[in-house]
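> Turn this into a model:
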Amino acid sequence: MKPLSDISREAWQIHEHSVVIDLHADTLFLVFLFGYRMEKRHRNPLPSSPFCYHVDIPRLRDGGVTAVGLTAPAVPLNILRRGDTIGRAIRKVDRWSQTVRSQLVMARTAHDILQAREKGLPAFFLTLEGSHGVRADSNEIETYKKNGLVSIGLAHLTRSPGAFPSRRVKWRDLHLPKLGYSLIERMEAVGLIVDLAHVASRSFLDAVEFCRRPPIVSHTGFQSVKPMWRNISDYEAKRVAQKNGVLGVIFHPGYLTSKRDRSIECVMENIRHLLKLVGDDFIALGSDYDGWVPSMPRELRDISCLPRLTDRMLREGIPVDSIRKILGGNALRVIREICDEEPARDGPDGAD
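This next block holds a predicted model:
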């Protein structure tokens, strides 16, 4: 880790000895569409760090990141996900991972993530945003798992056969489609995580009720703090917690606060809300770095800045054990329970 001058020594020690997991970043689209080199250090030349240039391997190291969830480069539109589009994207990422394996490990399980950490290497796990083009075919979904996929989000910004997205009011009260139930059933059977980010309210609740294993909401804000279409309600958040899942706090201020302030405070406002609402066992990080959002908090302009969040939580009096859970212990618990095919331990872990 590369120390930041504005971080306390105690915060550095906590961060360095914690598992740190970011559930969602879109960097692989930059890699495969624009030739972005993750091996090189990048800098966003624009103020407020809009849109992209947030993640690379040097900055993963600087930020003390144990693992990051990277979205497979398959555009979430039905028309662009025909045939074996998803399978090809997953295999492409697997081949690319071999070219950077001395610097970045492609992890399929929590065990892989921790093994990479022991070797001093950051890891990534592969996610799919939107179930567009995904069939509830046992062989197909099992092949995705074998080739390295870890999670599937049922929806994105456009409608998929598996779920209705939250983007339009007319979809808010529509029940989960039949394919959505079949997808959840097959995903849980093969050990893939169900991600409910972007799912409309009624479909969201139907999915949570149907899940037998912990679901995640990889990157989201919360209606009680910032009322808007993108965010989930307190009731939805509680239902995920009751299923022992996790809620990844997104970083874009536009989803987090109605105030003009675009500082780290907007992230903390949502973390404080969740601590009161569901407790510390169900909170995670889901930055949406490189997700083409208009801005990031100025103190969290890229993934190297995550120690500032640890420092802020510590200064606010959040207990160290809770900080470690939020940084990555809770996310690791869910990954272990579902992807390692082991029963969950007695509570989240995230420390050495």
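
> biggest helix in this protein, by residue count?
Selection of the longest helix in the chain by residue count, based on DSSP state H, yields helix 85-99.

> now for that helix, which elements pack on it?
helix 27-34, strand 105-106, strand 123-128, helix 138-146 (3 or more Cβ pairs under 8 Å, 6 or more residues apart in numbering; DSSP states H and E). Bear in mind the C-beta positions are built from the backbone N, C-alpha and C, glycine included.

> Tell me which of these sits nearest to Thr66.
Closest to Thr66 of those, according to Cβ to Cβ: strand 123-128, at 6.7 Å.

> strand partners of the closest one, parallel vs antiparallel please.
strand 67-71 (parallel), strand 105-106 (parallel), strand 149-153 (parallel) (DSSP bridges).

> per-residue pLDDT, the residue lying closest to Trp96 once chain neighbours are set aside?
In space, and not counting its chain neighbours, Trp96 is closest to Val31: 7.0 Å by Cβ to Cβ, 6 or more residues apart in numbering. Predicted confidence (pLDDT) for Val31: 98.

> Val31: what's it in contact with?
Arg37, Met38, Pro73, Trp96 (Cβ atoms under 8 Å, 6 or more residues apart in numbering).

> Swap in 10 Å and give it another go.
Arg37, Met38, Asp56, Leu70, Pro73, Lys92, Val93, Trp96, Val100, Asp290 (Cβ atoms under 10 Å, 6 or more residues apart in numbering).

> and it, how far is that from Val100?
Counting by Cβ to Cβ, to the nearest Å, the separation of Val31 from Val100 is 10 Å.

> Mind listing the shared neighbours of these two?
Listed contacts common to Val31 and Val100 are Arg37, Met38; contacts here mean Cβ under 10 Å, 6+ apart.

> could you measure Arg95 against Asp112, distance?
According to Cβ to Cβ, Arg95 and Asp112 sit 18 Å apart.

> From the neighbour counts alone, determine which of the two ranks first.
The neighbour comparison of Arg95 against Asp112 (other Cβ atoms under 10 Å) goes to Asp112, with 19 against 9.

> For the more buried one, give me its contacts.
Ala67, Val105, Met106, Ala123, Phe125, Val150, Ile335, Cys339, Asp340.

> May I see the buried residues of the helix or strand hosting it?
Following DSSP states H and E, one finds Asp112 within helix 110-118. Under the neighbour-count criterion of 16 or more other Cβ atoms under 10 Å, helix 110-118 has Ala110, Asp112, Ile113, Leu114, Ala116, Arg117 buried.

> Could you check the angle the lowest-mean-pLDDT helix or strand in the chain makes with helix 85-99?
Least confident helix or strand of the chain, by mean pLDDT, DSSP states H and E, is helix 138-146 with a mean of 93. Counting by axes from the mean of the first three to the mean of the last three Cα atoms, to 10 degrees, helix 138-146 lies at 20 degrees to helix 85-99.

> CA atoms only: put helix 138-146 into PDB for me.
Taking Å, rounded to 0.1, in the frame of the first residue of the first chain, the C-alpha atoms of helix 138-146 are listed here in PDB:
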ATOM      1  CA  SER A 138     -28.500 -25.900 -16.300                       C
ATOM      2  CA  ASN A 139     -25.600 -26.700 -18.600                       C
ATOM      3  CA  GLU A 140     -25.200 -23.100 -19.800                       C
ATOM      4  CA  ILE A 141     -25.200 -21.600 -16.400                       C
ATOM      5  CA  GLU A 142     -22.900 -24.300 -15.000                       C
ATOM      6  CA  THR A 143     -20.500 -23.500 -17.900                       C
ATOM      7  CA  TYR A 144     -20.500 -19.900 -16.900                       C
ATOM      8  CA  LYS A 145     -19.600 -20.900 -13.400                       C
ATOM      9  CA  LYS A 146     -16.800 -23.200 -14.600                       C
END
